[in-house]
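> Requesting a structural model of the entry that follows:
(one chain, ligands or ions: 1)
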Amino acid sequence: MLMLTKTDYAAIARDLTYPSKALINGAWVAAKSGATFETCNPADGTVLATLPACQAEDVDAAVASARAAFESGVWSEVHPSARKAILCKLADLIAENLVELAVMEAIDAGKPISDCLGIDVPETANCIRWHAEAQDKLYDQIAPSAPTGLGLIVREPIGVVGAVLPWNFPLMMMAWKIGPALAVGCSVIVKPAEQTSLTALRLAELALEAGVPPGVLNVITGMGPDCGEPLGRHMDVDAITFTGSTEVGRKFLEYAAQSNLKEVCLEMGGKSAAVVLEDAKDIDKIAEIQANAIFWNMGENCTANSRIICHEKHYDALVAAMAAQAAAWQVGDQMDPATQNGPLVSEEHYAKVSGLVETGKAQGGRVVCGGSGAGGLMFQPTVFAEITKDMDIFQQEIFGPVVGITKVASDDEAIALANATAYGLAATLYTADLAKAHRYARKLKAGTVGVNAYSEGEISTPFGGFKASGFGGRDNGIHAHEQYTELKTIWINLEI
Ligand code: NAD
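Below is the predicted model:
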């Protein structure tokens, strides 16, 4: 792909037409109340667009349109290959609009343009296509029975799905939800994060262009308590799929319990650890991998490896190598293709990250690189040494470019410490011993374990968390279809 310059990307951003309405039943609409909110470029606070601040009455309209579309069968009852063709067309349109989507994502979320071009947009298309392609190759089951009966075990689309999204990977998280949900035949109402709603609206526009019928995919913009909560409490929503903080995830369980007991699937926070065992090889390479594992996307990544638990044999070398990696990481204008980290997403989030870094210092952590802001909402890649289990930055999700390194005397102690937080999303393990790799990977309480690599798996493998990181199902892979389908038994008497 031909890379343009930061001036070119800034010019494209200036000339873009940004969405300004919600999408309900295939029509672009304002909030019924007329209320709006602004979405800004976090680099300089420039207002990019004014969006509808949807509330309960708008949620009602979106749910009604999704329900009508679902019950009509226009999407839910067509042949799977027909949905496949339309969703593959959507994937094509995403790829064709790569630069526009990448620029919109970068400017709205502060994400580096080269990541948006190379990862976020291509992975969005890839995800939609993968689920579309899978759909017409899946079979249901027939139960063992006597010849007098026939037991069918079938999966049916669950119905109307509410998808509530975070701001860190706006397009990709939308694809992780709508890819499988639309592929199996559900109707969906997307509630993007208020900080980053633009690309969700543009993606929905492309879905209409691809042929997804009106009402099957709706996008309502607004604040969590005003727009997300009524969706979570709605009596005619069959399932909620949520990615975001553990704090808000818990609320969706309450909303479901207090309304219609809708299905709930939660992908939440993390405090993932990389464990460097005594026999690990090539500490410089490990530091290079772990720099990406924590600093990529400004550390605003649920699987960010914000802890490194390191055997004492490698500790000094690893601390020095991580400090060198952090010092070399390029922080700057998110529209510059050379930039590795842009600004954090908002002032509120910047205050949270810098507050936790100050707490880390006050509690005895030793800063070996970074430790403060880098101008505007940018934060220096930061490495702490001498971090212990009782410190806040060992236990709490920071969601910024900040890693703490902890020294241990044995491999067993390392695994025990890796498991010693409330979270269980991902983990990384370094060892040269295949038997140890298998044994210790099983001991780590995490939904994904990378061995000698930082990994979230691929689109084909299930993604989600143990403990306070996940609830009720998985994103990605065929396993993701389970949260959007109901299992039904049909028993037929063949004697009459
Ligand atoms: P958040 O929980 O603040 O917001 C997520 C969504 O919930 C937003 O759309 C928001 O508007 C909505 N919301 C907020 N309050 C609500 C309420 N009271 N009722 C209903 N909806 C409400 O999370 P965030 O700050 O956008 O994202 C960061 C978090 O997301 C981090 O904790 C991160 O680890 C997590 N995350 C997890 C994964 C994963 O797959 N496990 C992936 C990405 C991000």
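
> Can you name the residues of this structure that neighbour the ligand?
Residues of the chain lying close to the ligand by C-beta under 6 Å from any ligand atom are 164-168, 191, 193-194, 224-225, 228-229, 232, 243-245, 248, 251, 267-270, 302, 397, 399, 425, 465, 469. Backbone N, C-alpha and C define where each C-beta goes, glycine included.

> So which of those sit within strands?
Among the residues of the chain next to the ligand, DSSP state E puts 164, 191, 243, 267 in strands.

> pLDDT score for the residue lying closest to the third one once chain neighbours are set aside?
Once flanking residues are discounted, residue 243 sits nearest to residue 267: 4.3 Å by C-beta to C-beta, 6 or more residues apart in numbering. Confidence at residue 267, expressed as pLDDT, is 98.

> and residue 267, what is it in contact with?
242, 243, 244, 302, 463, 464, 465, 469, 470, 475 (C-beta atoms under 8 Å, 6 or more residues apart in numbering).

> what's the most distant pair in the residues you listed?
244 and 463 (14.9 Å; C-beta to C-beta).

> Quickly find the element holding residue 492.
strand 485-493 (DSSP states H and E).

> For that strand, C-alpha coordinates in PDB please.
The C-alpha trace of strand 485-493 is given here as PDB (Å, rounded to 0.1, in the frame of the first residue of the first chain):
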ATOM      1  CA  THR A 485     -28.200 -18.300  18.500                       C
ATOM      2  CA  GLU A 486     -30.700 -20.300  20.600                       C
ATOM      3  CA  LEU A 487     -30.400 -24.100  20.700                       C
ATOM      4  CA  LYS A 488     -33.700 -25.800  19.900                       C
ATOM      5  CA  THR A 489     -34.800 -29.500  20.100                       C
ATOM      6  CA  ILE A 490     -37.500 -30.600  17.600                       C
ATOM      7  CA  TRP A 491     -38.700 -34.100  18.400                       C
ATOM      8  CA  ILE A 492     -40.800 -35.700  15.700                       C
ATOM      9  CA  ASN A 493     -42.900 -38.800  16.200                       C
END
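
> Just the buried residues of that strand, please?
For strand 485-493, a neighbour-count test (16 or more other C-beta atoms under 10 Å) marks residue 485 as buried.

> Mind listing residues that contact the helix or strand harbouring residue 255?
If you go by DSSP H and E, residue 255 is part of helix 246-258. With C-beta under 8 Å, 6+ apart as the test, helix 246-258 has contacts from 164, 224, 228-229, 232-233, 240, 242, 262-264, 266, 268-269, 397, 422-423, 468-469, 471.

> Okay, now the unreliable bits of the stretch 201-350 of the chain?
Scanning the stretch 201-350 of the chain for pLDDT under 70 picks out no residues.

> so where's the stretch 351-496 of the chain uncertain?
For the stretch 351-496 of the chain (pLDDT under 70), the answer is none.

> Okay, helices next: where are they in it?
With DSSP state H, counting those that start in this stretch as the criterion, the stretch 351-496 of the chain has helices at 392-395, 411-418, 434-443.

> got CSV for the ones you listed, with mean neighbour count too?
Below are the helices of the stretch 351-496 of the chain laid out as CSV (neighbours: other C-beta atoms under 10 Å):
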stretch, mean neighbour count
helix 392-395, 19
helix 411-418, 20
helix 434-443, 14
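
> Let me have those in a markdown table, extended by distance to residue 323.
Shown next, in a markdown table, are those (distance: least, C-beta to C-beta, whole Å):
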| stretch | distance to residue 323 |
| --- | --- |
| helix 392-395 | 16 |
| helix 411-418 | 21 |
| helix 434-443 | 27 |
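
> Using CSV, write out the CA atom coordinates for stretch 211-221.
In CSV, the C-alpha atoms belonging to stretch 211-221 read as follows (Å, rounded to 0.1, in the frame of the first residue of the first chain):
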residue,chain,number,x,y,z
GLY,A,211,-27.8,-4.7,0.6
VAL,A,212,-28.4,-5.3,4.3
PRO,A,213,-32.1,-4.6,4.6
PRO,A,214,-33.3,-1.5,6.5
GLY,A,215,-33.9,-2.2,10.2
VAL,A,216,-31.5,-5.2,10.3
LEU,A,217,-28.6,-3.0,11.3
ASN,A,218,-29.3,0.2,13.3
VAL,A,219,-26.8,2.6,15.0
ILE,A,220,-27.9,4.8,17.9
THR,A,221,-25.4,7.3,19.3
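
> which residues are in contact with stretch 441-448?
272, 275, 303, 415, 418-419, 424-427, 429, 449, 451, 455-457, 461-467, 469-470, 474.

> how long is it end to end?
Taking C-alpha to C-alpha, to the nearest Å, stretch 441-448 runs 9 Å from one end to the other.

> Kindly report the same for stretch 376-383.
OK, stretch 376-383 end separation, C-alpha to C-alpha: 20 Å.

> Check stretch 370-389 too.
So stretch 370-389: terminal residues 22 Å apart, C-alpha to C-alpha.

> Show me how far that stretch is from its chain's centre.
Chain-centre distance of stretch 370-389: 23 Å, with C-alpha atoms, centre = their mean, to the nearest Å.

> number of nearby residues for residue 295?
Using other C-beta atoms under 10 Å, residue 295 is surrounded by 27 other residues.

> related to what we said a few turns ago, mind listing the strands the strand holding residue 492 pairs with, and their directions?
strand 149-157 (antiparallel) (DSSP bridges).

> Flag every buried residue along the strand it pairs with.
155, 157.

> outside of that strand, which residues touch it?
With C-beta under 8 Å, 6+ apart, strand 149-157 has contacts from 70, 76, 138, 140-145, 184-186, 481, 484-494.

> And stretch 5-12, by the same measure?
By C-beta under 8 Å, 6+ apart, stretch 5-12 touches 4, 99, 100, 103, 106, 113, 333, 335, 336, 337.

> now, which of the residues you listed sits nearest the ligand?
residue 106 (17.5 Å; C-beta to the nearest ligand atom).

> and residue 424, what does it touch?
270, 445, 446, 447, 465, 466, 467, 468, 469, 470.
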